[in-house]
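Enquirer: okay, predicted coordinates and the sequence, questions at the end:
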Amino acid sequence: MYPDLKRKVVIVTGASRGIGHAIAERLAAAGARLLITARSDAALQQLARSFPGDVVARALDLRCEDSPRQLVLTAVGHFGRVDGLVNCAGSTRRGDFLALGEDDWQDGFALKFFGAMRCAREAWPHLTASGGSIVNIIGIGGRTASADFAIGGAVNAALMNLTKALADRGVADGVRVNAINPGSIATARLESRIDAYAARTGLPRAQAAAGMARDLGIARFGAPREIADVAAFLLSSAASFCQGSLIDVDGGQTRTL
């Protein structure tokens, strides 16, 4: 669908599972050359072997300050260039605000926000040279606050602001920066929330899933591949006029402007 993705070099963080896995799979199928990263080396190596084309796996903890630099050096060392960066790594703890400790807040920002910021900073000169692009996978919690998602909402809102700031810089440097805000997507994290909903309501699991979707005001949960399709679009020339776009892919869950 996007022939210009063929042979493009794209770094995908958080690629070992869920949305990041789906994005890497979609890009590999389009012929992109990939550097995939997550903390689990075994999972990454297995994925690299399962994807078509030139795929390099590098296990790193992006919470560490030097890891983004190592990631970009690996990409440039193997491929000689970087055309795209997908920041998908990072999850944050839900819970009662008063029960969330200092470590929870530090960890929430360390990977998802600071990891993405540092990856963007390290990749920027190479993206400027290639006329490349960044896609940040963020989340609708940054648009609409909820009491049990204080950390995630704050991190997501900060990352949306950073997306806009980098897009502003990118106009002059020739780098496109956009973001996707997934809603409730059928990943392992959502499955655990459905299990908790079933336990709380006493409903069979299938009914609990339907009830949870209904409570959120959506017809169904999304699939990771649906986020991957939007990411492929944003990385392609078809999205050449998208700059600083924050695209909600949430089945209509977000009703605010």
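Expert: Ah, there it is. What you see is a predicted model, and the numbers here were worked out from it, not measured in a lab.

Enquirer: what are the ranges of the strands in the stretch 51-200 of the chain?
Expert: Applying DSSP state E, counting those that start in this stretch to the stretch 51-200 of the chain gives strands spanning 55-59, 84-87, 133-137, 176-182.

Enquirer: quick check: residue 224 vs residue 18, distance?
Expert: 6 Å (Cβ to Cβ, to the nearest Å). C-beta: built from backbone N, CA, C; applies to glycine.

Enquirer: joint contacts of the two?
Expert: 185, 187 (Cβ atoms under 8 Å, 6 or more residues apart in numbering).

Enquirer: so which of the strands of the stretch 51-200 of the chain is the most surrounded?
Expert: strand 84-87 (a mean of 30; mean count of other Cβ atoms under 10 Å).

Enquirer: packing partners of it?
Expert: strand 9-13, helix 114-130, strand 133-137, helix 224-235 (3 or more Cβ pairs under 8 Å, 6 or more residues apart in numbering; DSSP states H and E).

Enquirer: could you pull out the helices for this structure?
Expert: Secondary structure of the chain by DSSP state H: the helices cover 18-29, 41-50, 67-79, 102-108, 114-130, 150-173, 188-201, 205-216, 224-235.

Enquirer: got the angle for the first one vs strand 133-137?
Expert: In other words, helix 18-29. 150 degrees (axes from the mean of the first three to the mean of the last three Cα atoms, to 10 degrees).

Enquirer: buried residues, helix 18-29. List them.
Expert: 18, 19, 20, 21, 22, 23, 24, 25, 26, 27, 28 (16 or more other Cβ atoms under 10 Å).

Enquirer: contacts for it, please.
Expert: 5, 10, 12-15, 34, 36, 38, 47, 51-53, 55, 86, 88-89, 137, 182, 185, 187-189, 223-225, 227-229, 231-232, 235.

Enquirer: what is the mean pLDDT for it?
Expert: For helix 18-29, the mean pLDDT works out to 97.

Enquirer: run the chain-centre distance for that helix.
Expert: In terms of Cα atoms, centre = their mean, to the nearest Å, the centre of helix 18-29 is set 11 Å apart from its chain centre.

Enquirer: tell me the angle of it relative to strand 9-13?
Expert: Angle, helix 18-29 to strand 9-13, by the same axes, to 10 degrees: 160 degrees.

Enquirer: now do residue 188, the pLDDT please.
Expert: At residue 188, pLDDT is 86.

Enquirer: circling back to that earlier point, what subset of the contacts of helix 18-29 is buried?
Expert: Among the contacts of helix 18-29, those buried by neighbour count (16+ other Cβ under 10 Å) are 5, 10, 12-15, 34, 36, 38, 47, 51, 55, 86, 88-89, 137, 182, 185, 187, 224, 227-229, 231-232, 235.

Enquirer: mind putting the buried residues of helix 18-29 in JSON lines, distance to residue 66 included?
Expert: Output for these, formatted as JSON lines (distance: Cβ to Cβ, whole Å):
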{"residue": "18", "distance to residue 66": "25"}
{"residue": "19", "distance to residue 66": "26"}
{"residue": "20", "distance to residue 66": "21"}
{"residue": "21", "distance to residue 66": "25"}
{"residue": "22", "distance to residue 66": "28"}
{"residue": "23", "distance to residue 66": "25"}
{"residue": "24", "distance to residue 66": "23"}
{"residue": "25", "distance to residue 66": "28"}
{"residue": "26", "distance to residue 66": "29"}
{"residue": "27", "distance to residue 66": "26"}
{"residue": "28", "distance to residue 66": "27"}
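
Enquirer: which one of those is nearest residue 196?
Expert: residue 18 (17.9 Å; Cβ to Cβ).

Enquirer: which residue packs closest to residue 97, ignoring adjacent ones?
Expert: With Cβ to Cβ, 6 or more residues apart in numbering as the criterion, residue 97 has its nearest non-adjacent residue at 4.8 Å, and that residue is residue 150.

Enquirer: thank you, goodbye.
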